[in-house]
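Trainee: coords please:
(2 chains)
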Amino acid sequence: MKVRSEVSTSMPPMNSDVTQIVAGGVIGVLTPWVLGSLIVHLLLKGTGRSNIFIVLGYGFLLGIFIATLLLRVFNSLGISFEVYLLQGALVFGTMLLAALVRSPRVVRNTIPEHPKRQSEIELLCIALLIALATHRLYLVSHEVFVRPLFAWDSWMNWHPKAAIWFHFGNLVDFVSPTNWLKLSHEEPTYTLGNSAAWNYPITVPLITLWMMINTASTSHGMLYLPWILLSLAIASIIYGHLRLLGVSPLFGSLAAYLLLSTPYINIHVALPGYADIWVAGVYTAIGLSIFEWQHTRRNSFLIISILMIVFCGTLKNPGIVLSCLSILALILFQLINRTRTAIAILVFGVTVLILASWFDTSLTIPVIGTFGIEGNIITISSLGEFALNYHPVTPYILEALFVSMQWNLLWYFLVLTVFLATVRRQKFIMLSADFLLIVLCLTFIIFAFSFTEHSRNAYNFMSINRSFLYLAPLSIFFIFRAVNLLKGQHAKAETVLAPP
Amino acid sequence: MSEWVRGTSAGLAALLLALVTLLVGYLCLAPVFYPQLHKAGPGNGQDQLTVNSGTFIGRTGSYSSLNGSTHISGLTDGRALFTRHISLEAKAYPLLRIELKGVMPKDKVYFIWRKTDETRKIYSARLQIAGDNKATIMLDKSSHWTGNISEIGLDIYSTQLDGTIIFSGFTFLTATPLTIMEATLTKWQEFPGWTHESINHLAGDPDNGFPSIILSVVLWTALALTLLAVCRLLIIVELSLPILLISFAAWFAIDIGWQNQLAKQISDSATVFAGLTSDEKFSADQDSALYKFAKTLKTQHLPSPGARIIMLHDSDKSEGHVYPRLRLQYHLLPHNVHNFRRWPPSYHLRPGDYILILNKVAGLNYSTEKQSLSWGERKIKARVIFESEVGSLYLHAPNE
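Mentor: Below is the predicted model:
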């Protein structure tokens, strides 16, 4: 077994020259980003529904996902995690793709860009927003690079796996603490200090591992460069899709700024290493790609949404649930023209669940594992056992969302937007994938906190905000899309996007 | 252009009018929300009582007086303490204004007091103050700010002072709408730094009865929107520029506050960590003792990572989020640590396993003579490798 000697013999985790770390980190994000962007570009080029912001935003997410898949492939083939091999594979893949894949003809966007020429005031406002966003990004990045890893779950659940895999050069096994004690073989097998974390999905530690391999460091802030860029990628996707809808650059920039200035998003970048902001970013990508597919039926967006659904399911346990909800949304929008069928399926599903509960049923589902219902006990082997009892957590949720400072006024804006769309009889605004995914995620969160043992994480505010983070970027997109329509401008553009 | 000017003017006018309305409303209604405005009344007829730093006696630490201020330049055993006797009625002065310069984020500053009828007890209030700053705090939020106060003081704790702290004195204030607003603004600007809760829930939310920033801004915004509607500056059913402007102005008002807090935090982090190597950063962090212990084990006593290390700790919550057991595991990476137990897992131990005892575990004893660890009726063979206050490392070697 090949181990990295510099880490094994000395403490602290060895750092190479700062220049090498920085260069390695930059290359570490650039090569996957280029490959991801190329794939997205090739997918969307012929759809007439693309712009640079969409390509770069989705490209970043897809590229990082591909980098983690590459690590899995290397590990399963028994190839050591050498940076030149991994980077070589990515660069080779990029060049091959660029050379071999016949590029489809560029199709002009079906929705014209904002028709009006920007006034000087609008341009000034955009420049101001960019300056403010840059300053905010500088502040959070400064914290990433200056402060040693701080956020609890980062160093307890996610970073350790990466550091251990980096040391051994392969994906060493992790087992439960109980099984760890019973081990008899000599091969290194690890466990973690959180008794459940050994079995968490591994994509987030793989992202950190990817950066460790590229920077040859296990502790430099550069490891968390993807967390900084992730916030930019989400903002870019939101801006790109709003522009596709004919939203003005100023209004789109405002949406991007709101995302980049939301305190809780700043916190998850400034104190990096958590999986939740990845789930939020990927869930946003799922929502917006399904939104495009719903309205335009361009299958390229369907492909992107499926890729992102797979990505989401490998990030964190709640990501698995969100992936399932996204698949449900896809099915619903496939049936959107057959409302009766959709309703019949929903009614059938609910009936099956009730009957399953009545007859204490269980079945095995790929990826998820065994799914069983016995009275008020739901068992999902990959997630655990949940006893359904009501817990009065509403005041805590309301305080977290509407009184504390971490969300600024985001949830007020969302409530106000839904209210205005309802009273102005523009409910069609809500019959879209973005809003459906918000509602599905919201239902899941409220159900999990109000009826399962996760309520304890609401009483102490441990995970209320992290859960709402999943739907925050999507909510910003919905607010701006809806307000843009309610303003009475560009209604024509949206009309083009009405369901066929 | 005219659309912009009209819309912006209407929005700004509504915001301004709403702000004025809120301020006037606050001044009128303050006695309702703050009953102490009625009850309080300075005993000696003064609105405020200033106590200069020159009248304080330095109990610990080194200092000098300059231009009426006390310049604190050193600590004694990590502490600088200044006190003076006084006689004041607590309820007459429920607020305190303090101005300190040169306080670093790592310094902990307290206002302390003693009561006439409880001379043996000292009470304290933490002052969230850093840099060149002043703060106004509401002392009556403490249930101990009652009766007659006989002694007051400034108490500073730190590892060492980086530069000089300049202390000018205290100003005790009566409760008026303006001084309460001053204290509220101080509270709104406070950011106690990152805590382990920050990633879950933003620390620094106003508490203890202070109004929420968010709710205050929402009230302001709602009032501005209502004024717009009432004044018929727009058609209610039309979402127009003034409404957007008011909504985003509200966002930016909160954003400025958050930006300032973030900037303060960044500055604090830079003070502690900027320019340091990874090793130096961990050594300067709050858990440096754990880090240095782990570093010693890794560089001097442990073999290559992979060998099993069973960490024992004296905690009722063997699986809970007990910081030292988890943090030490992190600092020991990439070593192979199991850290869920209080007692050695005698049935599962293998020759060559390491036993790491974090601090002390009551009832678990090591015998140098017998080279064994024992607890209750049980014992295992173990050879001591390293011992320190933070923890001890043993090697399970049954055949030696």
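Trainee: Grab the nearest non-local neighbour of whichever residue of the stretch 51-200 of chain B sits closest to chain A.
Mentor: The minimum distance from the stretch 51-200 of chain B to chain A, using C-beta to the nearest C-beta, falls at residue B:199 (4.5 Å). C-beta coordinates here come from the backbone N, C-alpha and C atoms, glycine included. Excluding the flanking residues, the one nearest residue B:199 by C-beta to C-beta, 6 or more residues apart in numbering or on different chains is residue A:151, at 4.5 Å.
Trainee: Show the model's pLDDT score for the residue of the stretch 51-200 of chain B closest to chain A.
Mentor: Predicted confidence (pLDDT) for residue B:199: 92.
Trainee: related to what we said a few turns ago, just checking, the residue nearest to residue B:199 touches residue B:197?
Mentor: No: judged on C-beta atoms under 8 Å, residue A:151 makes no contact with residue B:197 at a distance of 10.6 Å.
Trainee: Have a look at those two and say which one is more surrounded.
Mentor: residue A:151 (22 against 13; other C-beta atoms under 10 Å in any protein chain shown).
Trainee: show me what contacts that one?
Mentor: A:271, A:272, A:273, A:274, B:198, B:199 (C-beta atoms under 8 Å, 6 or more residues apart in numbering or on different chains).
Trainee: switch to 10 Å and redo it
Mentor: A:158-159, A:267-268, A:270-274, B:194, B:196, B:198-200 (C-beta atoms under 10 Å, 6 or more residues apart in numbering or on different chains).
Trainee: out of those residues, which are inside helices?
Mentor: Among the contacts of residue A:151, the ones falling in helices (DSSP state H) are A:159, A:267, A:268, A:270.
Trainee: How confident was the prediction at the second one?
Mentor: Reported pLDDT at residue A:267 in the predicted model: 96.
Trainee: How much space separates it from residue A:97?
Mentor: From residue A:267 across to residue A:97, the span is 37 Å (C-beta to C-beta, to the nearest Å).
Trainee: okay, those two: which has more neighbours?
Mentor: residue A:267 (27 against 13).
Trainee: Can you tell me which of the contacts of residue A:151 are buried?
Mentor: Among these, the ones that count as buried by 16 or more other C-beta atoms under 10 Å in any protein chain shown are A:158-159, A:267-268, A:270-274, B:194, B:198-200.
Trainee: With distance to residue B:47 as extra columns, can I get those residues in TSV?
Mentor: What follows is these, written out as TSV (distance: C-beta to C-beta, whole Å):
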residue	distance to residue B:47
A:158	56
A:159	55
A:267	41
A:268	46
A:270	42
A:271	44
A:272	49
A:273	51
A:274	50
B:194	38
B:198	39
B:199	44
B:200	43
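Trainee: out of these, who's nearest residue B:177?
Mentor: Distance to residue B:177 across the buried ones among the contacts of residue A:151 (C-beta to C-beta) is lowest for residue B:198, with 32.8 Å.
Trainee: where does residue B:153 land in three-state SS?
Mentor: At residue B:153 the chain is in strand, as set by DSSP: H, G, I helix; E, B strand; the rest coil.
Trainee: what is it paired to in the beta sheet?
Mentor: Using DSSP bridges, the bridge partners assigned to residue B:153 are residue B:83, residue B:112.
Trainee: right, and it touches residue B:81 too?
Mentor: Yes: counting by C-beta atoms under 10 Å, residue B:153 touches residue B:81, with 6.2 Å between them.
Trainee: what do the two both touch?
Mentor: Residues touching both residue B:153 and residue B:81 (C-beta under 10 Å, 6+ apart) are B:56, B:57, B:59, B:110, B:112.
Trainee: For burial, what's the neighbour tally of residue 354?
Mentor: By default, I'm working from chain A. By the criterion of other C-beta under 10 Å, residue A:354 has 11 neighbours.
Trainee: Switch to chain B, please.
Mentor: A count of nearby residues for residue B:354, using other C-beta under 10 Å, gives 22.
Trainee: same thing with residue A:176?
Mentor: 15.
Trainee: For the nearest residue to it once chain neighbours are set aside, list the residues it contacts.
Mentor: Excluding the flanking residues, the one nearest residue A:176 by C-beta to C-beta, 6+ apart is residue A:198, at 5.7 Å. Contacts for residue A:198 (C-beta under 10 Å, 6+ apart) come out as A:157, A:161, A:173-177, A:179-180, A:189-192.
Trainee: same check, this time on residue B:265
Mentor: Applying C-beta under 10 Å, 6+ apart to residue B:265 gives the contacts A:139, A:142-143, A:147, A:270, B:105, B:130, B:191-194, B:198, B:204.
Trainee: hmm, try it at 7 Å
Mentor: Each residue near residue B:265 by C-beta atoms under 7 Å, 6 or more residues apart in numbering or on different chains is listed here: B:191, B:193, B:194.
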